[in-house]
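Dropping the sequence and predicted coords here.
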Amino acid sequence: MDMSQYRELFISEAGEHLQKLSALVVQLEADRDNREIIDALFRSAHSVKGMAASMGFTGMTALAHRMEDLMDRIRRGMAFDAELFDLLLAGEERLAAMLEQIAAGGSEMAADDIIARLAAYTPARGGEPAAAAGQEAAVAAPAEPVPEMRASDIQHQSPAAQQTIKVKTAALDSFLDTTGELITVKHRLALLARTLRNQDFHEAVNALEKHLRELHDQVMAVRMIPLAAVTERFPRLVRDLARNSDKEIIFTLKGVEIELDRSILELLGDPLAHLLRNCVDHGIETSAERIAAGKPASGRVEIAVSRETDQVAIRLEDDGRGIDAEQIAAAAVQQGFISREKAAALQIEEKLLLICHAGFSTAARVTEISGRGVGMDVVRTNIQSLGGTLSISSVPGQSSCFLLRLPLTIAIINVLLVKVGRFTLAIPLTAVSRTLDLLRGDIAVIDDQEAIFLESEMVPLFHLGRCLNLQTEAPRGDRVPLFITEHKGRRVALQVDTLLGNQDVFVKPLSRPLAVIEGLYGATVLGDGEVVFIVDILNRLL
């Protein structure tokens, strides 16, 4: 039977099983008596073997079969030592490399060396009858015959699987683009409805808006993926980095079941991996250093995720040596990133963010993990490109915390439309805490800075047009329209010429040369055809 038509499906599902297998090995290393993990490892290896056999990939079949044999020995009570985990991870890495070659259109690479190591494995402290162990070590038994798997077996392996279907990501992107364009058309029809004053047409537009909202919610629900899809490889990453650095680290994940848009997750993996590497290399001390400092021998690294209205907060924290803000500022001055006078005027958080300059590094030596000054620059660039923010806090000698705030989606968002001069601008509603229409007499001037008072708090007032170097209209009347945002823990008021209200918009990315302009998040098209820029006030302007 020709199975080539199922090649892409095999590559996708086998890849998922291998990722799961890698995560399970790391879990078993931390909880060696957990029978459920051992059983799950056996099932993952068995699934990869069955799928590879059905596709005719004999090398992957033999390697997965040998890993399955080893897990079966453990299930039957064989004692095992630390070598087992390195061996299983080596097998998973080889299977992943073989799958990558198959995906690239090549043939399977050899796996005889790993198969031989798996077959010869005998735990240092015994635990299995000597005859059985010797028999396993003497020769690698041939892979047991695997029944031919039909195509339907790959696609429908359980009743639950029959309720789902794999969809190409390109199709999901197309659905979202079409939904976004329909929202733009809906705004156009709403304008026509107000012009025509036709009640039937107005009701039809309202019905269309309701169904479009349902369509949008369903499309976004399909695109939403748990953060665990990105973080499931991190326990393995931290384990390997810790071993290479001769450090002991306890790594925990919380809240990773929270979902984000797939387009955000695709760009989030690298920033989080950079932060983890920095925590291991720069943050966590060696066991000897920690004990000398009165700390537990094992360091702690945690990623905690929480939902905050239309945003997700990702907090990565370690209990290591912390970051000295003054040392960072001094290094930035020495390396020419900032003047000594400007550095002295910075707040602590602003000094810590200096590590995000491209090329900045305080590492005394370059290692395989870090030291070239590229990690934090990548983190900030990627987070800002997603419409998110990065903040850093630290207690020298005790801990460091990196806080990422990200929108749930960046494709269709709710914005506040404002008029500044002859331009209509869009402000993401996640950046707006409230809007106000004050009397001009309510504005005070304190030390040459305009300000308003909200709930007994002095809030500085700036004109959005001046922040953007736009020509604004002369003030008319006694009313001052403005909106309140929050920047670095303090509220800021931004004055505009007119508040136009809020609506959902379809975000279109900018290409060069507009893409390099500071303060622009993207653009959208309103119902009347006007092109409106979406302003990224939090990351670029304030």
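Done, it's in.

What segments of the stretch 351-500 of the chain are helices?
Remark: helices assigned in the stretch 351-500 of the chain by DSSP state H, counting those that start in this stretch are 375-385, 464-467.

Buried residues in the last one, which are they?
So that's helix 464-467. Using 16 or more other CB atoms under 10 Å as the test for burial, helix 464-467 gives Leu464, Gly465, Cys467. Where C-beta positions appear, they are placed from N, C-alpha and C, glycine not excepted.

Same question for stretch 432-447.
Here stretch 432-447 shows Val432, Thr435, Leu436, Leu438, Ile443 as buried, counting by 16+ other CB under 10 Å.

measure the fourth one to Gly269 for me?
This means Leu438. With distances taken as CB to CB, to the nearest Å, Leu438 is found 45 Å from Gly269.

List of residues touching stretch 230-245?
19-20, 22-23, 25-27, 29, 89, 248-249, 251, 253, 256, 265, 268-269, 272-273, 276-277, 280-281, 284, 286, 301, 303, 368-369 (CB atoms under 8 Å, 6 or more residues apart in numbering).

Can you show me the helices along the stretch 1-150 of the chain?
Under the criterion DSSP H, counting those that start in this stretch, helices of the stretch 1-150 of the chain are mapped to 7-30, 35-55, 58-75, 83-103, 112-120, 130-138.

And those: which comes nearest Ile225?
With respect to Ile225, and counting by CB to CB, the nearest of those is helix 7-30 at 12.4 Å.

what angle separates the closest one from helix 58-75?
In this structure, helix 7-30 runs at an angle of 30 degrees to helix 58-75, with axes from the mean of the first three to the mean of the last three CA atoms, to 10 degrees as the basis.

list the contacts for the residue most central in space within the chain?
Computing the C-alpha centroid of the chain and ranking residues by CA atoms, centre = their mean puts Leu268 first, at 2.9 Å. Leu268 sits next to Leu227, Val230, Leu260, Asn382, Leu386, Leu406 when contact means CB under 8 Å, 6+ apart.

Quick one: neighbours of the closest residue to Ile264 other than its chain neighbours, just the number.
When the adjacent residues along the chain are set aside, Ile264 lies closest to Leu386, with 5.5 Å between them (CB to CB, 6 or more residues apart in numbering). Residues within reach of Leu386, counting by other CB atoms under 10 Å, total 22.

Please apply the same query to the one 4 residues further on.
Applying the criterion other CB under 10 Å, we find 21 residues in the vicinity of Leu390.

Give me the spatial nearest neighbour of it, chain neighbours excluded.
Take Leu390 and drop its neighbours on the chain: the residue closest to it by CB to CB, 6+ apart is Ile383, 5.0 Å away.

could you pull out the strands for the stretch 151-300 of the chain?
In the stretch 151-300 of the chain, the strands defined using DSSP state E, counting those that start in this stretch lie at 224-226, 249-254, 259-261, 299-308.

Buried deepest among those strands, which one?
Ranked by average neighbour count under the criterion mean count of other CB atoms under 10 Å, the strands of the stretch 151-300 of the chain are headed by strand 259-261 at a mean of 22.

Tell me which residues are up against it.
If you take CB under 8 Å, 6+ apart as the criterion, strand 259-261 is touched by 220, 223-227, 268, 312, 406, 408-411.

what's the closest of the residues you listed to Ser54?
Ile225 (27.3 Å).

Show me where the chain dips below the pLDDT cut-off.
Judged against pLDDT under 70, the low-scoring parts of the chain cover residues 1-5, 125-166, 309-310, 362-375, 473-475, 487-489, 512, 515-518, 538-542.

Now do the domain split for it, please.
4-162, 170-225, 227-407, 412-541 (automatic domain parsing).

show me the contacts for Thr424.
With CB under 8 Å, 6+ apart as the criterion, the residues that contact Thr424 are Leu417, Val418, Leu500, Leu526, Glu530, Val532.

Skip the chain neighbours and tell me the closest residue to the first one.
Closest residue in space to Leu417, ignoring its immediate chain neighbours: Leu500 at 3.9 Å, by CB to CB, 6+ apart.

distance of the one you found from Gly359?
The spacing between Leu500 and Gly359, counted by CB to CB, is 42 Å.

And the two? Which one has more around it.
For Leu500 and Gly359, the more surrounded residue by other CB under 10 Å is Leu500, and the numbers stand at 17 against 11.

before we move on, the earlier item: how far away is the residue nearest to Ile264 from Lys20?
27 Å.

quick one: buried residues of the top helix by length along the chain?
Counting by DSSP state H, the longest helix found in the chain is helix 169-196. For helix 169-196, the neighbour count (16+ other CB under 10 Å) marks Phe175, Leu176, Thr179, Gly180, Leu182, Ile183, Thr184, Lys186, His187, Leu189, Ala190, Ala193 as buried.

Quick check: the first one touching Gln218?
No: at 9.2 Å, Phe175 and Gln218 do not qualify as touching, with contact defined as CB atoms under 8 Å.

Overlap in contacts, the two.
Common contacts of Phe175 and Gln218 (CB under 8 Å, 6+ apart): none found.

what about stretch 270-286, start to end distance?
Between the opening and closing residues of stretch 270-286 there is a gap of 25 Å (CA to CA, to the nearest Å).

Pull out the buried positions in that stretch.
Buried residues in stretch 270-286, counted by 16+ other CB under 10 Å: 271-285.

Outside of it itself, list whatever touches it.
Residues outside stretch 270-286 that contact it (CB under 8 Å, 6+ apart): 230-231, 234, 237-238, 241-242, 245-247, 249, 293, 295, 299, 301, 303, 314, 316, 318-322, 363, 367, 369-371, 375-376, 378-379, 382-383, 400, 402, 404.

OK, contacts around Asn256?
I think there's a mix-up here, since residue 256 is Val and not Asn. Val256 makes contact with Pro226, Leu227, Ala228, Thr231, Ile303, Val305, according to CB under 8 Å, 6+ apart.

same deal with Phe462?
Under the criterion of CB under 8 Å, 6+ apart, the neighbours of Phe462 are Glu450, Val492, Ala493, Leu494, Gln495, Leu542.

from memory Ile328 sits against Glu349, does it?
No: with contacts counted by CB under 8 Å, Ile328 stays clear of Glu349, the gap being 11.1 Å.

what about the two, which has more around it?
Using other CB under 10 Å as the criterion, Ile328 and Glu349 rank with Ile328 on top: 22 against 14.

which SS state does the more buried one fall under?
Counting by DSSP: H, G, I helix; E, B strand; the rest coil, the backbone at Ile328 sits in helix.

ok, now which ones touch it?
Applying CB under 8 Å, 6+ apart to Ile328 gives the contacts Lys351, Leu352, Leu354, Ile355, Thr362.

Between those, which sits nearest Val48?
Relative to Val48, the closest of these is Ile355; by CB to CB it sits at 41.3 Å.

I'd like to know how many residues surround the closest residue to the closest one other than its chain neighbours.
Nearest residue to Ile355 in three dimensions, chain neighbours excluded: Met376, at 4.9 Å (CB to CB, 6+ apart). Summarising burial for Met376: neighbours were counted as other CB under 10 Å, giving 24.

Number the residues from 681 up from this point.
Yep, numbering from 681; the last one is Met1056 now.

Met1056 touches Cys1036, doesn't it?
Yes: under the criterion of CB under 8 Å, Met1056 lies in contact with Cys1036, with a separation of 4.6 Å.

tell me the strands in the stretch 1081-1222 of the chain, going along the chain?
1092-1100, 1103-1108, 1114-1119, 1124-1126, 1129-1134, 1137-1143, 1159-1167, 1170-1175, 1178-1186, 1200-1205, 1211-1215.

Tell me, how many residues neighbour Ala1203?
Residues lying near Ala1203 (other CB under 10 Å) number 17.

I meant Val847, not that one.
For Val847, the count of nearby residues is 11 (other CB under 10 Å).
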